[in-house]
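Trainee: build me a model from this:
(chains A, B, C and D)
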Amino acid sequence: SAVGGNRTVPGAMTASRLVSAAEAVARVHSGDTVMVGGFGLVGAPLTLIDALVDESDATDLTIVSNNIGEPGRGLGRLLRQGRIRRGISSYFTSNPEAVAAVNAGELEATLVPQGTFAEAIRAAGAGIAGFFTPVGAGTLLAEGKEERVIGGVAHVLEEPIRADVALVYAARADELGNLWYRRTAQNFNPAMATAARVTVAEAGELVPLGGLEPESIHTPHLYVDHLVRSA
Amino acid sequence: SAVGGNRTVPGAMTASRLVSAAEAVARVHSGDTVMVGGFGLVGAPLTLIDALVDESDATDLTIVSNNIGEPGRGLGRLLRQGRIRRGISSYFTSNPEAVAAVNAGELEATLVPQGTFAEAIRAAGAGIAGFFTPVGAGTLLAEGKEERVIGGVAHVLEEPIRADVALVYAARADELGNLWYRRTAQNFNPAMATAARVTVAEAGELVPLGGLEPESIHTPHLYVDHLVRSA
Amino acid sequence: MTGDAKAAIAARAARELRPGEVVNLGVGIPNLIPAFLPADAGVFLHSENGVLGVGPRPTEDELDPDLIDAAKRPVTVLPGAAYFDSAASFAMIRGGHVDVAVLGALQVSAAGDIANWAVPGKDVLGVGGAMDLVVGARRVIVTMVATSSGGEKKVVPECTYPLTARGAADVIVTELCVFRLRDGELRLTELLDGATVDDVAAVTTAPFSLDLDTEEVR
Amino acid sequence: MTGDAKAAIAARAARELRPGEVVNLGVGIPNLIPAFLPADAGVFLHSENGVLGVGPRPTEDELDPDLIDAAKRPVTVLPGAAYFDSAASFAMIRGGHVDVAVLGALQVSAAGDIANWAVPGKDVLGVGGAMDLVVGARRVIVTMVATSSGGEKKVVPECTYPLTARGAADVIVTELCVFRLRDGELRLTELLDGATVDDVAAVTTAPFSLDLDTEEVR
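Mentor: Numbering: from 1, shown residues only, chains lettered A, B, ... in the order given. As a prediction, this is how the structure comes out:
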């Protein structure tokens, strides 16, 4: 192909897709950009986050997540370790320690409107190199971005948001890595699963092949490199 | 709101959402742009198309559909009536009569790569005013379009594809208009349902409220203005 | 401002919603609206974290950690509800498929500009879906008390706080009145709870016109 | 060209596919490939009309009008298959998540430019997913007989037919040989069925280098 979209590692054989949380987070290296699913802690891959905190030394990370966890919970643990250099989020405010870290100059914050955040992650997964949206035009969050009037309305050009590794949570997975999300625990997980070079899915439950209705699979297995069971 | 995305008619009350095919196609007016779902005839809303052919006088139509039906079937019937002024498609070739109509100067053809076609329809539904893709850059199909090199690769700026009315087919609908598509009859229907001012869904089967799993609804009812039962 | 006044604002805003409409409710006063919707209101509540068809707050037995709204409160869903991912949810909002967004604001200008996410000199670290909602929703209803707790007037000639979006507000409901943005102009269309035009003028620095006669009864 | 030669091309192309890969097969020769995949090939077939996990052709009993591939032929699916809409399907292709696209071509240039959708002077009314696939798939394998039915050579210095995409081909398999695009250069890496370098040169107008020694055994 002439163009590289995201380059994930070629799908491994079925048997080897299931790994331990420690093995999975070994795919994260210092300096990486890591996407983490969840709206607050709902739908967050807590087993993977805890493994990243406890069993990985990767630091200087850029975290793409709607929030930076809560104080001492989820990504809030990683933040306390000082391993997050930069956050790309729509709402840092839900973790006061993230706000304090920004004010202390310890965390670089990139704030993105939540819909643009979701759309830009989807764009990365879908091979879209940029898109025009009216959201944010003329505001602080458009600073430094290309603006263009389309149909008489100011728009801003947004770039895709990509990652090296995505950590997502799904209620159910089959052995190939097809994923099904439950209720509002879906949120950013499906888009993030498409937008990283390496996608690790934490599953609450593993079901046999054929155990997910083919029309109801939210994330087909071609997006999933490694599967981990929730602790 | 400052910006109008697509403006569908405000959702009607439950009881009135179900209408006859003739009532539904009365929403189509001469000069309109009409999206029609289906990959070939699979997943095409044949009851609605037949009603448009037999019970509507709307003409001078722009049809947005992956194919213009087959000779004398589906949209091929509307074509024979000379009511299609322009087609926007990825594959006219599957209907030789469409090719003949183009060559006779009776049908204006806008050819779009199939992925760009799908993405541009989604963009219309999602409020995206334009997007950069490498697909088509440097080819005949990029003529007249803005090009830009991004990351060293030529890209083309594609505009959203909108419609006045979308006619889609779903295997199942509940009484609110939530839709579920079966197997490969899904194709362009879900994106088209989001991209028109008025969306009419033809359903193979009507199920009671609650009869579709909330996680498995492909098209939530806010996209559907009218429901019609398949003949 | 008393809770009663906030409830009155919510009650009046509830009357702006029509049967069949898809409505997104922001935190604060908008979240009081469901209590004022009649049983046959026929309104569908959308929450941007990925659900259409939000129902009442759950009983203890109904509590489900996987089911929250965008304010991160536990909720239930009604029959016919659907779940979807954040990209799809914001595609609904940004694509113009959500009929109404009701939200609070720090300032609204005479041109309908909204400032509701950041205070100058404070951290600007949380925007959430505010910008998406005010740009994408077909009708934007701002519910707010007319003055801040510090006494600052909120309906202003020009926003001085960081903007959420320009020209986005369609309706403003305060404890005193209803304003509507019509033909690019701020019009006072209804006085609430015995307030006078002078009462409104006293807490409004934006220029506005009177349009009380033409207010439709809903 | 005989069916045997086309089958031989498909058989050789099948050996390019590795376990676990997601593969999209175009019409014509690529569609012959499944017959040459061993039972444990572990390849997942993607069809751009919205399915991952395509299985064998259906028996009479298995026929389902709602289940076709992009060539509009009836198919079956394997356990673990998933269905999705066209926008999602092309997002997979365009986002680089399909490992391999195998397709036919009218011309391929020395730089890997592909022309496979239109003939000059004829209608250009059908492109389908060709452009999306050659741009988006990680590896693009072109399968074609070396000359057209009219005797025109197809591996050329520059495409004269309308382009599908520039620099898109990674591998070309003909009845005579395998070419690989490496470091921007067209290299003859394997001779098939007793063909000689002269045989290849006789039907190839593009400049190419010999790289036979370094061909890995797969």
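Trainee: can we go C-alpha only for contacts and neighbour counts from here?
Mentor: Will do.
Trainee: and the strands in chain C?
Mentor: C:22-25, C:44-47, C:51-54, C:77-83, C:100-103, C:107-109, C:114-115, C:139-143, C:155-156, C:171-173, C:177-182, C:185-191, C:209-210 (DSSP state E).
Trainee: to chain A, which of those lies closest?
Mentor: strand C:77-83 (5.8 Å; Cα to the nearest Cα).
Trainee: what pLDDT, on average, does that closest one get?
Mentor: Throughout strand C:77-83, pLDDT has a mean value of 97.
Trainee: as PDB, could you dump the C-alpha coordinates of that strand?
Mentor: What follows is strand C:77-83, C-alpha atoms only, in PDB (Å, rounded to 0.1, in the frame of the first residue of the first chain):
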ATOM      1  CA  VAL C  77     -33.300   3.300  31.000                       C
ATOM      2  CA  LEU C  78     -36.800   3.100  29.600                       C
ATOM      3  CA  PRO C  79     -38.100   0.400  27.100                       C
ATOM      4  CA  GLY C  80     -36.700   1.200  23.700                       C
ATOM      5  CA  ALA C  81     -33.500   2.700  25.000                       C
ATOM      6  CA  ALA C  82     -30.300   2.300  23.000                       C
ATOM      7  CA  TYR C  83     -26.600   2.300  24.000                       C
END
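Trainee: in TSV, list the strands of chain C along with distance to chain B.
Mentor: As requested, the strands of chain C are arranged in TSV below (distance: least, Cα to the nearest Cα, whole Å):
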stretch	distance to chain B
strand C:22-25	7
strand C:44-47	9
strand C:51-54	8
strand C:77-83	4
strand C:100-103	9
strand C:107-109	13
strand C:114-115	10
strand C:139-143	5
strand C:155-156	17
strand C:171-173	10
strand C:177-182	10
strand C:185-191	14
strand C:209-210	21
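Trainee: so which of the ones you listed is nearest B:Glu202?
Mentor: strand C:77-83 (18.1 Å; Cα to Cα).
Trainee: returning to what we had before: a markdown table for the strands of chain C, including mean neighbour count and distance to A:Glu158?
Mentor: Listed next are these as a markdown table, based on neighbours: other Cα atoms under 10 Å in any protein chain shown; distance: least, Cα to Cα, whole Å:
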| stretch | mean neighbour count | distance to A:Glu158 |
| --- | --- | --- |
| strand C:22-25 | 25 | 25 |
| strand C:44-47 | 24 | 24 |
| strand C:51-54 | 24 | 26 |
| strand C:77-83 | 22 | 26 |
| strand C:100-103 | 27 | 24 |
| strand C:107-109 | 28 | 27 |
| strand C:114-115 | 27 | 22 |
| strand C:139-143 | 26 | 24 |
| strand C:155-156 | 26 | 31 |
| strand C:171-173 | 27 | 30 |
| strand C:177-182 | 22 | 30 |
| strand C:185-191 | 20 | 32 |
| strand C:209-210 | 13 | 39 |
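Trainee: which one of these lies closest to A:Pro214?
Mentor: That would be, of the strands of chain C and by Cα to Cα, strand C:77-83, which comes in at 17.3 Å.
Trainee: quick revisit: compare the strands of chain C and give me the one nearest A:Trp180.
Mentor: strand C:77-83 (11.8 Å).
Trainee: return the list of strands paired to the closest one, each annotated with direction.
Mentor: Its sheet considered, strand C:77-83 pairs with strand C:51-54 (antiparallel) by DSSP bridges.
Trainee: so for the strand it pairs with, mean pLDDT?
Mentor: 98.
Trainee: tell me the secondary structure at the most centrally placed residue in chain A.
Mentor: In chain A, the residue lying closest to the centroid (Cα atoms, centre = their mean) is A:Met35, at 2.7 Å. Of the three states, A:Met35 takes strand under DSSP: H, G, I helix; E, B strand; the rest coil.
Trainee: can I get stretch C:90-109 in CSV, CA atoms only?
Mentor: Provided in CSV are the C-alpha atoms of stretch C:90-109 (Å, rounded to 0.1, in the frame of the first residue of the first chain):
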residue,chain,number,x,y,z
PHE,C,90,-21.4,12.9,19.6
ALA,C,91,-22.2,12.3,15.9
MET,C,92,-25.9,12.5,17.0
ILE,C,93,-25.1,15.8,18.8
ARG,C,94,-22.8,17.3,16.2
GLY,C,95,-24.9,16.1,13.3
GLY,C,96,-28.0,18.0,14.5
HIS,C,97,-30.0,15.0,15.6
VAL,C,98,-30.5,16.1,19.2
ASP,C,99,-33.5,18.4,19.3
VAL,C,100,-32.7,20.3,22.4
ALA,C,101,-29.8,20.9,24.7
VAL,C,102,-30.6,22.5,28.1
LEU,C,103,-27.6,23.8,30.0
GLY,C,104,-26.4,26.3,32.5
ALA,C,105,-24.2,29.3,31.6
LEU,C,106,-21.9,31.8,33.2
GLN,C,107,-22.8,34.5,30.7
VAL,C,108,-25.0,34.8,27.6
SER,C,109,-24.6,37.7,25.3
